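In: Quick one: sequence plus predicted model below, questions after.
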Amino acid sequence: MNFAENLARVRERMAAACARSGRAENSARLMAVTKTQPAERIREALELGLRLLGENRVQEAETKRPALAGYAAEWHLIGPLQANKAARALALFQAVQSLDRSELARRLDRLAGERHLRPAVLLEINLGREAQKSGILPEAAAGLAAAVLACPNLELRGLMAIPPAADRPEAQRPYFAALRELAGRLRHELALEAAPAWELSMGMSQDYEIAIEEGATLVRLGAALFGARPPQRL
C-alpha cells in the first residue's frame, strides 16, 4: 500500500474515532512523524496536503529542512531536547512538545526573546513513571506549567505523553484518559479555563484511534503513514 492509500485509510479511521466519541471530524489533527524518513518521502507527504511534521532529533531536522524549504510546513520537536541544542531547535521548530524541566523552559525563553520568537511548548508527561523515558511526573506538572507561564516568550499549548509499550491498543486507554484528566486539573488550578483549549498530543500508529476516543487533539503517526521505518545509518 502506498503513502496516499495509507493517508486515506488513516484519515478515515480518525474520522470514525471522532464520530464514536461525539466529536467533530476535524477535531483531531494528524502529525506525520518523520524520524529516519528521507526528504523525498517527506516531500510526498507534503504534496498530499500534510503540513504538520514531527521530528525526534535536532540534528536530523537540520539535514532535512533545506531540501524542504519550499513547503509551508509546521515542524514540531517531539524528542528530548538537550539544553545545549536549544538555540538550534528554535531555528528549526515552531513548537517543542517535549519540555520536561523548568531550567530548559527558562533557557528557551531567554533564547526566544533574543530572537523575537514565541514558540509553543507542550509539557511531556511521564505517565508510566518509566525511568528510561524523558518527561515529568504528573504530580510535578503544575509546578512546571507555572514556570512556563512565567516565561513571556513561551506559549504553553498543552500536554504530550508516550504511554508504556503494550501488546493491545486498548491497554493504553487509561493512560490517555489520565492525560486528559490531568490537563483539566491543571487548567483549573492555574485559572486557565477561559484560555484556548490545550493540545493533547497522544496516540501513535498502534493506538491513535483509542487516543482520539479519549480526547487527543493531535496524533503522531509514522509507520501507519510511511510503512516500516527504514534502518538508521550508523
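Out: Yep, it's here.
In: Which residue ranges of the chain form helices?
Out: 3-20, 39-47, 58-64, 86-92, 102-114, 141-149, 173-189, 208-213, 223-226 (DSSP state H).
In: most tightly surrounded among those helices?
Out: Most buried of these, by mean neighbour count (mean count of other Cβ atoms under 10 Å): helix 208-213, with a mean of 24. C-beta coordinates here come from the backbone N, C-alpha and C atoms, glycine included.
In: Contacts for it next, please.
Out: Identification of contacts with helix 208-213 by Cβ atoms under 8 Å, 6 or more residues apart in numbering yields 10, 13-14, 16-18, 20-21, 23, 28, 169-170, 172-173, 176, 202-203, 216, 219, 221, 224.
In: And it, how far out from the chain middle?
Out: The chain centre lies 15 Å from the centre of helix 208-213; the measure is Cα atoms, centre = their mean, to the nearest Å.
In: Which residues are in contact with the spatially closest residue to residue 85 that is not a sequence neighbour?
Out: Spatial nearest neighbour of residue 85, chain neighbours left out: residue 58 (4.7 Å); criterion: Cβ to Cβ, 6 or more residues apart in numbering. Neighbouring residues of residue 58 by Cβ under 8 Å, 6+ apart: 77, 81, 85, 88, 89, 92.
In: Go ahead and confirm the first one touches residue 89.
Out: Put plainly, it is residue 77. Yes: between residue 77 and residue 89 there is a contact at 5.6 Å, judged by Cβ atoms under 8 Å.
In: what is in contact with those two at once?
Out: 58, 96.
In: Bridge partners for the residue lying closest to residue 179 once chain neighbours are set aside, pull those for me.
Out: Nearest in space to residue 179, with sequence neighbours left out and distances taken as Cβ to Cβ, 6+ apart, is residue 161 at 4.9 Å. Residues in a beta bridge with residue 161, per DSSP bridges, are residue 125.
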